[in-house]
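**Q** Build me a model from this:
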Amino acid sequence: MRRDLRLADNAALTWAVAQDRPVIPVFLLDEVVETWGAAPKWRLGLGLSAFRDRLDGIGSKLILRRGDALPTLRTLIDQTGADTVIWNRLYTAAERERDTAVKEALRADDITAKSFAAHVLFEPWTVETGSGSYYKVYTPFWKSVRDRDPGAPETAPDAIEAPQSWPDSDTLEDWNLGRAMRRGADVVAQHVVVGEDAARDRLDDFIAEKVADYDAARDRLPEDGTSGLSENLTYGEIGIRTCWAAGQDALRDGTGGAETFLKELVWRDFAHHLAYHTPQLTTENWRSEWDAFPWRDDNDQAEAWRRGRTGIEAVDAGMRELYVTGRMHNRARMLTASYLTKHLMTHWKVGADWFSDCLVDWDPASNAMGWQWAAGSGPDASPFFRIFNPDTQAEKFDPKGRYRTRWIAELPGPEQQEALAFYDAIPKAWGLSRTDAYPEPIVGLKEGRDRALSAYKQRDDED
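**A** Here you go, the predicted structure:
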C-alpha cells in the first residue's frame, strides 16, 4: 500500500483477494516517503491510522515497516514465505525508480512482482497525440480522454484472507510522523477529513450540494465551493475512478458544473502524464529557456511571503489559511504563486518547496505543474506577462473582504478565531504577535509588475 489507503476501487487489492490466498497489507516508510515534508508526512500518519482501523474491521491488519523498499521487502518475504508482491503504480521519477528496481530484483529472486493501475484515470503511455507523442497542452489532452471509459471502480472486499501468523509490525506512534509539525498539528487537525468513509461522504455531499454551482463557486474566495477531495486523493482514501463515476452520473443528470469537475480530475491526470514523460517537471524548469531567467533564490521577501506578511491582503490571507488548515483556496493558490514568482521575482522552486512542506493535499506532480503554470516556465503555462493583480482579484472574488478578514487578524472587522489560530500554529521563532500591526506592502504592485515585465523582455531580447 502506498497512495491507496482504501479498500474500494483498489486494483491491486482486488486482484490479491481474488487469488483466494492469504494477503498481508504492508506500508513501507521507504526512501521516497522519508523525503516528504512536515504536513504531508503528518497527514499520512492520520491516513494510515484510519486505514489500519478499516482493515481491522474486516479481520485483516496493516503491517508497518521502515527502511529502503527492496531490502525491507526481502526481509518480509523471508519472514512470511510470500512468493508474490503487488502494488499500484505511481509515476514521478523517484517513485518509478524505486518501483522498477524492486520489480526487477524480486523477479530475479523468483518472486512474482506485479503492478496495477489505480492512481490515475488513464495511464500516461495510453494517451497519445496523433503523431504518437505525449500531450503538452491540457485542452487537447482533455478532448482525447473525455469520452473514454476508465473502467468501473472495484467494490470493497468484505473480508481479506489472513495468514496463519502475522509478521511483526512497527508501531505507527513510534514513527512519530507528526514530529516536524510541532504545535501546528493541533491547529491543522481541526480542518482535515480523514479516511475512506469520510472521503466517500465528502464526495457524496459535493455532488448533492455543490457541484451544480461549481463553475463559479470554486473561484469565490469566501466560499467552500470545491470538493476538497484533493486531500483524500493524495493518500488514496478515495479512488479516482470513484470520483469520475460520480461526476459522470451528475453530468448525465444535466447537473451544471459536473463537466468542470471532470475536467479538474483530468487536470490531475495531466500532471502525472507530464511527470511521467518529462520527469524534470518536479525539479527543473520544464521550458529550458527559463533557465536563464533572473529569478532570485530564497530571500527576505520570500520569507515575508511564507509568513503572510507581504502587506498584500489577498496573498497574506492565502498564506495564513495554508498554515492554519493545511490547504489553500484554489484561487488564492494562483495569486500567491504569481505574486512570489513575478512581483517578488523568486524562483518557483522556493514556493513549491514551501507548499510541499505545508500542504496536507500535497501531490508531487500537481504541485510542480501548478507552480510552473503560474510562473510561466511550465507546460500549457499562464504567459509570464499575465501577472495577476492581487488587489483587483480580491475585488472580483472577495468583494466584501470576508476571505481576507477571516484569515488576517490585524484587519478591522469581527474577531475571527481562524485568523487568531494562525498565531497558535506558527513557529515561536517567527516572533509574531496578535498585537502586531499589519505591514505595509514589501513591494508595490505596479513596481513589482514593471520589474517582472522588464526582466521578461530582457530575457527575450537576449534570446
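**Q** going forward, measure contacts and count neighbours with C-alpha atoms only.
**A** Fine.
**Q** Spit out the contact partners of residue 29.
**A** By C-alpha atoms under 8 Å, 6 or more residues apart in numbering, residue 29 lies in contact with 64-68.
**Q** burial of the closest residue to residue 385 other than its chain neighbours, as a residue count?
**A** Computed as C-alpha to C-alpha, 6 or more residues apart in numbering, the closest residue to residue 385 that is not its neighbour in sequence is residue 453, at 6.4 Å. Counted by other C-alpha atoms under 10 Å, the residues lying close to residue 453 total 17.
**Q** Would you check how far apart residue 237 and residue 20 are?
**A** Plainly put, residue 237 is 25 Å away from residue 20 if you go by C-alpha to C-alpha, to the nearest Å.
**Q** So what touches the helix or strand containing residue 350?
**A** Using DSSP states H and E, the element containing residue 350 is helix 348-358. Residues outside helix 348-358 that contact it (C-alpha under 8 Å, 6+ apart): 36-40, 283, 297-298, 302, 306, 322-323, 326-327, 337, 340-341, 362-364, 367-368, 371-372, 375.
**Q** before we move on, the earlier item: the more surrounded of residue 237 and residue 20?
**A** residue 237 (28 against 10).
**Q** So for whatever helix or strand comes next after the helix holding residue 350, what gets flagged as buried?
**A** Going down the chain from helix 348-358, the next helix or strand is helix 364-375, by DSSP H and E. Using 16 or more other C-alpha atoms under 10 Å as the test for burial, helix 364-375 gives 364-375.
**Q** Touching helix 364-375 from outside, list them.
**A** 92, 268, 271-272, 275, 281-283, 285-286, 334, 337-338, 341-342, 348-349, 351-352, 355-356, 378-382, 384.
**Q** Let's see which of the residues you listed end up in helices.
**A** Secondary structure from DSSP state H places 268, 271-272, 275, 334, 337-338, 348-349, 351-352, 355-356 of the contacts of helix 364-375 in helices.
**Q** show me what contacts the nearest residue to residue 228 once chain neighbours are set aside?
**A** Excluding the flanking residues, the one nearest residue 228 by C-alpha to C-alpha, 6+ apart is residue 202, at 7.6 Å. By C-alpha under 8 Å, 6+ apart, residue 202 lies in contact with 227-229.
**Q** per-residue confidence at residue 460?
**A** According to the prediction, residue 460 has pLDDT 65.
**Q** actually residue 416, sorry about that
**A** pLDDT for residue 416: 86.
**Q** if I pick the closest residue to it other than its chain neighbours, what's in contact with it?
**A** Once flanking residues are discounted, residue 416 sits nearest to residue 406: 5.8 Å by C-alpha to C-alpha, 6+ apart. Contact analysis of residue 406 by C-alpha under 8 Å, 6+ apart lists 317, 416, 418-419.
**Q** Filter these down to the buried ones.
**A** Among those, the ones that count as buried by 16+ other C-alpha under 10 Å are 317, 418-419.
**Q** of all the residues you listed, which comes closest to residue 433?
**A** Residue 433 lies nearest to residue 419 out of the buried ones among the contacts of residue 406, by C-alpha to C-alpha, at 12.1 Å.
**Q** in what helix or strand does that closest one lie?
**A** Take DSSP H and E as the rule and residue 419 turns out to sit in helix 417-425.
**Q** And for residue 434?
**A** With DSSP H and E as criterion, residue 434 is part of no helix or strand.
**Q** What is the neighbour count of it?
**A** Other residues close to residue 434 by other C-alpha under 10 Å number 15.
**Q** For it, grab phi and psi.
**A** Main-chain dihedrals, residue 434, degrees, to the nearest 10: phi -60, psi -20.
**Q** List the residues that contact it.
**A** Residue 434 touches 409-410, 420, 423, counting by C-alpha under 8 Å, 6+ apart.
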